[in-house]
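1. Give me the fold of what follows.
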Amino acid sequence: MEIKKKVLISVTESDLENGVFYNDKVIELADKCFYDMKTLKSVVLPNCKKIGNDCLRSNDKLTTASLPALTTMGND
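-> Below is the predicted model of the structure:
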């Protein structure tokens, strides 16, 4: 996982716990940070306000995304 100034830049499969990614520090997602993750089932980011383009694209097992603070979203 790479985070810079509370922006999530990239995530790997090893950052998931049973297919779930949770982080309460991140306030923004960079473009494609979750792109094409084979085992991603759920994303929980309670303080994330903005997500970039293609962040959640091509994740066949993704069923839930909890982003209650989200105000700005890219193309995906």
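
2. Quick check: the gap between the closest residue to residue 1 other than its chain neighbours and residue 71.
-> Spatial nearest neighbour of residue 1, excluding adjacent residues (C-beta to C-beta, 6 or more residues apart in numbering): residue 15 at 4.4 Å. Every residue, glycine included, has its C-beta placed from N, CA and C. From residue 15 across to residue 71, the span is 25 Å (C-beta to C-beta, to the nearest Å).

3. and the helix or strand of the chain with the lowest mean pLDDT, what does it pack onto?
-> Lowest mean confidence among the helices and strands of the chain (mean pLDDT, DSSP states H and E): strand 72-73, at a mean of 92. Packing partners of strand 72-73 (3 or more C-beta pairs under 8 Å, 6 or more residues apart in numbering; DSSP states H and E): strand 50-51.

4. Compute the number of surrounding residues for the nearest residue to residue 61 once chain neighbours are set aside.
-> Using C-beta to C-beta, 6+ apart and skipping the chain neighbours, the partner closest in space to residue 61 is residue 41 (5.2 Å). By the criterion of other C-beta atoms under 10 Å, residue 41 has 15 neighbours.

5. is it true that residue 41 touches residue 60?
-> No: between residue 41 and residue 60 there is no contact under C-beta atoms under 8 Å: 10.1 Å.

6. Residue ranges in this structure under the pLDDT threshold?
-> 76 (pLDDT under 70).

7. quick one: stretch 47-66 to chain centroid distance?
-> 5 Å (C-alpha atoms, centre = their mean, to the nearest Å).

8. List the buried residues for it?
-> 48, 50, 51, 52, 54, 55, 56, 59, 62, 65 (16 or more other C-beta atoms under 10 Å).

9. Adjacent strands (with direction) for the least confident helix or strand of the chain?
-> Each strand paired with strand 72-73, and its direction, by DSSP bridges: strand 50-51 (parallel).
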